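Asker: Generate coordinates for the sequence data below:
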Amino acid sequence: MKPKRTLSGYMLLVGMMGLSIVGGALIFGIYSALVKTQVTSETKEVIKPLEGEINVDLLNKLNNRRQFSSSELEVVITQSPTPTPFNQPTPTLTVTPTAAVSPVASASAQTPASPSGTIR
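Answerer: As a prediction, the model looks like this:
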């Protein structure tokens with residue numbers, strides 16, 4: 001006859017298997033983070049290697065360019081004269097009423113009374 005396992009033996013077995021699964025997942029996460037590159041494909045397209053070529057003509061042009069002294073660069077800034085307005089007469093506004101204003105409303109503008117005599 002087979003000997004019976006106790007409940008604590010099964011708990012020990014399940015615990016050991018659980019720890020091994022968690023440990024394996026942890027080790028896999030660490031390994032994949034170490035192996036994975038941080039440079040994306042978008043960054044690879046943007047990054048370009050520098051060329052080690054020096055343009056000698058450009059350096060010669062820089063050496064031969066004109067040098068200005070501080071006296072040549074000194075500029076006197078003056079204020080421009082303000083324009084004066086022409087001597088024109090200023091227009092005046094005059095208001096003339098075209099029609100007489102009456103405070104009484106016409107019959108067509110009055111609201112009809114309701115049958116009960118109150119306004120709703």
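
Asker: from here on, contacts and neighbour counts on C-alpha atoms
Answerer: Noted.

Asker: Now do the same for stretch 4-16: mean pLDDT, whole number.
Answerer: The predicted model gives stretch 4-16 an average pLDDT of 85.

Asker: Output it as PDB, restricted to C-alpha atoms.
Answerer: Extracted C-alpha coordinates of stretch 4-16, given in PDB (Å, rounded to 0.1, in the frame of the first residue of the first chain):
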ATOM      1  CA  LYS A   4      -0.500   8.900   2.200                       C
ATOM      2  CA  ARG A   5       0.900  12.400   1.800                       C
ATOM      3  CA  THR A   6      -0.100  14.900   4.300                       C
ATOM      4  CA  LEU A   7      -1.500  18.300   3.500                       C
ATOM      5  CA  SER A   8       1.700  20.000   4.500                       C
ATOM      6  CA  GLY A   9       3.600  18.000   1.800                       C
ATOM      7  CA  TYR A  10       1.200  19.300  -0.900                       C
ATOM      8  CA  MET A  11       1.500  22.900   0.400                       C
ATOM      9  CA  LEU A  12       5.300  22.600   0.300                       C
ATOM     10  CA  LEU A  13       5.200  21.300  -3.300                       C
ATOM     11  CA  VAL A  14       2.800  24.100  -4.500                       C
ATOM     12  CA  GLY A  15       4.900  26.700  -2.700                       C
ATOM     13  CA  MET A  16       8.100  25.500  -4.300                       C
END
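
Asker: just checking, what's the longest helix in this protein?
Answerer: Among the elements of the chain assigned as helix by DSSP state H, the one spanning the most residues is helix 7-35.

Asker: Mean pLDDT per helix and strand in the protein: which one sits at the bottom?
Answerer: Averaged element by element with mean pLDDT, DSSP states H and E, the chain has its least confident helix or strand at helix 70-73 (a mean of 80).
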